[in-house]
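**Student:** Have a look at this prediction, sequence included:
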Amino acid sequence: MHYRKLRNEMTEDALAVELALRNYVHMTIDEIATVCSMRTTAVMFIIEQMMIYQVTMRYPDGGYRLTDEYMTSLRLRAA
């Protein structure tokens with residue numbers, strides 16, 4: 001997966017969601033919406049897109065987090 005290219009093409013809203021998820025291990029849609037000052041429907045749409053590209057994953061309890069692969073790509077990018 002070309003996460004670097006994907007991240008460069010993210011909208012400002014998607015980057016805000018990504019940043020929120022980077023700072024927390026587990027977040028619900030409502031928590032993300034609150035942190036990002038966005039509508040829950042917008043967050044749901046962004047999260048669904050991120051799941052398609054394997055940027056986020058969903059816990060059985062409905063919370064979300066960034067995938068290990070995506071987090072690894074961020075660490076490699078920073079190095």
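**Tutor:** Arrived safely.

**Student:** got the phi/psi numbers for Leu66?
**Tutor:** Main-chain torsions, Leu66, degrees, to the nearest 10: phi -70, psi 150.

**Student:** Quick check: closest non-adjacent residue to it.
**Tutor:** Leu21 (4.9 Å; Cβ to Cβ, 6 or more residues apart in numbering). From N, CA and C alone the C-beta is placed, and that goes for glycine too.

**Student:** and for the strand or helix carrying the one you found, what are the contacting residues?
**Tutor:** Using DSSP states H and E, Leu21 sits within helix 12-23. Contacts to helix 12-23, defined as Cβ atoms under 8 Å, 6 or more residues apart in numbering, come from residues 7, 10, 27, 32, 35-36, 38, 42-43, 46-47, 49-50, 55-56, 64-66, 71, 74.

**Student:** ok now the least confident helix or strand in the chain by mean pLDDT, how far from the chain's centre?
**Tutor:** One helix or strand of the chain scores below all others by mean pLDDT, DSSP states H and E: helix 68-78, with a mean of 83. Distance, stretch centre to chain centre, for helix 68-78: 13 Å (Cα atoms, centre = their mean, to the nearest Å).

**Student:** how about it: buried residues?
**Tutor:** The neighbour-count check on helix 68-78 (16 or more other Cβ atoms under 10 Å) flags Tyr70, Ser73 as buried.
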